[in-house]
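A.B. asks: From the sequence below, what's the structure:
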Amino acid sequence: RLFSVIIGTSNGVFYFNYNTEKDCFGKETPHILPRLDTLCDLAEVISKKSIVYMANAKFDMAMMDREVAVTWPDVFDVLVMDRLILSNQMKINLSTVAERYGYEKSEIVEEFIEKHKLYEHVQNPARKKKDKNKFFYKVPFDVIVPYAVRDADITFQIGRKQRDYLLSFFEQDKRFHKEG
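C.D. replies: Numbers count the residues shown, from 1 in each chain. Alright, predicted model coming up:
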C-alpha cells in the first residue's frame, strides 16, 4: 500500500505522508495527511504537468493508480533513459545511475532495514531463490524522509540532464531533422 508520495520539482522536493502504521520502535508517524483528499489533489496536479521524471516509473505509477485515477503526462523514467543512453551498462538502478551523473544516493534506509530485519523472505515463482519483501513503512519518519527527499531530488536532476542530453543529440543528428 502506498504510504507516501515524494515529488521533486525545480522549486524543491515535497513529501506527502500517508503512513498510519507505527514504526519499528512503536512510534506513531507524524504529519499524516488525509489520504483520499490529498491523493486526488496530487493526481490533478500531476495530470497538469507536461513531464514527470521518475525512477522505476512502472512500479510508482501502478502504486499511485491503485489509490486514485491519474491522467499521466509524459513520463520520463531515468532508469529506462540510462539504458538507452548507455546500453552497455549491466547494472541499472538509481544508485548506479546517480553515481554516473555525479550524485551519491543514500543507503541509510537499506542499512536500517538490514540492521533491524525489517523484511521477510518471499518465494518468487519466477526465480529459484527467495526475494526480500522490505517493510519501508516501518522505517522511522526521521530516517525515511531525508532519504526519500534525496532520491526524488536526484531523480529530478538526472532526468533534466538526460533530457537535455537527448534533445541536444537529436538536434545534432540530421537523421531526426524534417526534410523541407
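A.B. asks: Show me what the top helix by length along the chain is packed up against.
C.D. replies: Identified as the longest helix of the chain according to DSSP state H is helix 141-172. Contacts defined by 3 or more Cβ pairs under 8 Å, 6 or more residues apart in numbering; DSSP states H and E place helix 141-172 against strand 4-9, strand 12-17, strand 51-54, strand 74-77, helix 78-85, helix 94-100, helix 108-115. Every residue, glycine included, has its C-beta placed from N, CA and C.
A.B. asks: Measure how far the first one is from the centre of its chain, please.
C.D. replies: In this case it means strand 4-9. 8 Å (Cα atoms, centre = their mean, to the nearest Å).
A.B. asks: before we move on, what about stretch 48-56?
C.D. replies: 10 Å.
A.B. asks: Can you check the distance spanned by that stretch, start to finish?
C.D. replies: 21 Å (Cα to Cα, to the nearest Å).
A.B. asks: Stretch 39-59 now?
C.D. replies: Using Cα to Cα, the distance between the terminal residues of stretch 39-59 is 17 Å.
A.B. asks: List the buried residues of it.
C.D. replies: Going by neighbour count (16 or more other Cβ atoms under 10 Å), the buried part of stretch 39-59 is 39, 42-43, 46, 52-55, 57.
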